[in-house]
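S.K.: no letters, just coordinates:
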Ligand code: NAD
Ligand code: UGA
């Protein structure tokens, strides 16, 4: 084991203006790390990007660059970086089937290949990839990293392709870049994307507008609080630098069905969740569940934030959003319960 690969020079975060990327940027800045942040969205014309990076932008240790990883010149941006945290991607399982697929292919696969090649040219010691539980497909128990991978959506296929690209690069005899691919399991918390379940269910409670429930609600997810994801991601940069490549699950420690989640949100808010029953969506798997044995051994990772507490924090954050970004007015009433 040698010295950590952060706190010895700048690190790069791609997808920095996104939900998870912006939390990682905040976490790095809080440790005093110099951050080169890259995203194709601009804080000048994208209100979500501006909101996500609002705190970070005030920190002089942040250098923010607008760039598309699939097409723009990358070498100058990453030269001198000790670690590249690669979170940029087009996320979302259910939207990946049709006309948006070219963007998934470009941003999740082509961009990853270009970034890996740039890391090798710049001799970046480590790249940490945000991969996904969606690479596993249908499963019948906790998924371990050595289990077969059968993605059930085009999105999952692009995330698996990104992982394979990382492994191929890490196996090159001439590479100086080691890779840790983290398979995140459904992440939630403040700034969660508005297309995701917890965000939508909370918005439904606050606004009274029904949330679609896809299928019978018996599908289950291992929801993972974003602070736990950040902790694991930072740890992936600081584990031994004599590794070439690792793939590690990062989950929340338990799995609940959508019906259980909805009941819990009803209890937390003291309101009935308005639902609109809809057909199951292509690409959604029945269940996700993480075997965290390797995460514990390699990253020293254990999830700390339980689902009920994490949902309460996300609700608290949603309620505090300025009126232009919040979903309804009677929100104070909900949190006062
Ligand atoms: P997000 O959409 O909020 O953030 C992704 C960011 O990447 C966006 O700001 C976007 O503008 C940027 N981006 C996309 N394509 C780009 C490109 N070509 N060049 C530059 N920037 C680009 O998504 P998120 O939920 O924060 O997800 C972050 C990462 O974590 C993704 O790689 C995603 O696949 C992975 N992941 C997320 C979850 C989850 O539950 N949110 C679970 C598993 C894995
Ligand atoms: C999430 C992320 O969106 C993906 O980017 C990520 O790769 C994936 O986690 C992962 O773990 O790898 P998903 O599990 O579909 O994908 O997360 P949610 O969008 O929060 O959906 C969870 C469940 O709620 C799904 O079964 C979905 O069908 C259901 N859902 C979602 C609804 O019933 N209604 C909605 O309005 C939204």
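M.R.: Nice, I can see it. None of these values were measured; they are calculated from a predicted model. Ligands and ions are numbered 1, 2, ... in the order given.
S.K.: regarding residue 16, what is its secondary structure?
M.R.: Counting by DSSP: H, G, I helix; E, B strand; the rest coil, the backbone at residue 16 sits in coil.
S.K.: for the stretch 151-300 of the chain, what spans make up the strands?
M.R.: Using DSSP state E, counting those that start in this stretch, the strands found in the stretch 151-300 of the chain span residues 178-184, 187-188, 211-214, 220-221, 224-225, 245-250, 256-257, 275-278.
S.K.: pipe these into JSON lines and attach mean pLDDT per row.
M.R.: Converted to JSON lines, those look like this (pLDDT from 0 to 100):
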{"stretch": "strand 178-184", "mean pLDDT": "98"}
{"stretch": "strand 187-188", "mean pLDDT": "99"}
{"stretch": "strand 211-214", "mean pLDDT": "98"}
{"stretch": "strand 220-221", "mean pLDDT": "98"}
{"stretch": "strand 224-225", "mean pLDDT": "99"}
{"stretch": "strand 245-250", "mean pLDDT": "98"}
{"stretch": "strand 256-257", "mean pLDDT": "98"}
{"stretch": "strand 275-278", "mean pLDDT": "98"}
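S.K.: closest to residue 203 out of those?
M.R.: Residue 203 lies closest to strand 211-214 among the strands of the stretch 151-300 of the chain, at 7.2 Å (CB to CB). Every C-beta, even on glycine, is put in place using the N, C-alpha and C of the backbone.
S.K.: quick check: residue 135 touching residue 162?
M.R.: No: taking contacts as CB atoms under 8 Å, residue 135 lies outside contact range of residue 162: 9.3 Å.
S.K.: run a quick neighbour tally on residue 24.
M.R.: By other CB atoms under 10 Å, 25 other residues sit near residue 24.
S.K.: report the contact partners of it.
M.R.: By CB atoms under 8 Å, 6 or more residues apart in numbering, the contact list for residue 24 reads 13, 16, 85, 87, 230, 233, 234.
S.K.: ok, so of those residues, who is nearest ligand 1?
M.R.: Comparing the contacts of residue 24 against ligand 1 with CB to the nearest ligand atom places residue 87 closest, at 4.3 Å.
S.K.: what about that closest one, distance to ligand 2?
M.R.: 11 Å (CB to the nearest ligand atom, to the nearest Å).
S.K.: mind checking how far the residue nearest to that residue when sequence neighbours are not counted is from ligand 2?
M.R.: In space, and not counting its chain neighbours, residue 87 is closest to residue 15: 3.6 Å by CB to CB, 6 or more residues apart in numbering. Going from residue 15 to ligand 2 by CB to the nearest ligand atom gives 11 Å.
S.K.: kindly report the same for residue 125.
M.R.: According to CB to the nearest ligand atom, residue 125 and ligand 2 sit 27 Å apart.
S.K.: residue 83 is in contact with that residue, correct?
M.R.: Yes: using CB under 8 Å, residue 125 is in contact with residue 83, at 7.1 Å.
S.K.: pick out whichever of these two has more residues nearby.
M.R.: Between residue 125 and residue 83, counting by other CB under 10 Å, residue 83 is the more crowded of the two (30 against 17).
S.K.: would you mind listing what in the stretch 101-250 of the chain touches ligand 1?
M.R.: Residues of the stretch 101-250 of the chain lying close to ligand 1 (CB under 6 Å from any ligand atom) are 107, 111, 130, 132, 159, 184, 186, 187, 193.
S.K.: which of these sit farthest apart?
M.R.: 111 and 186 (22.5 Å).
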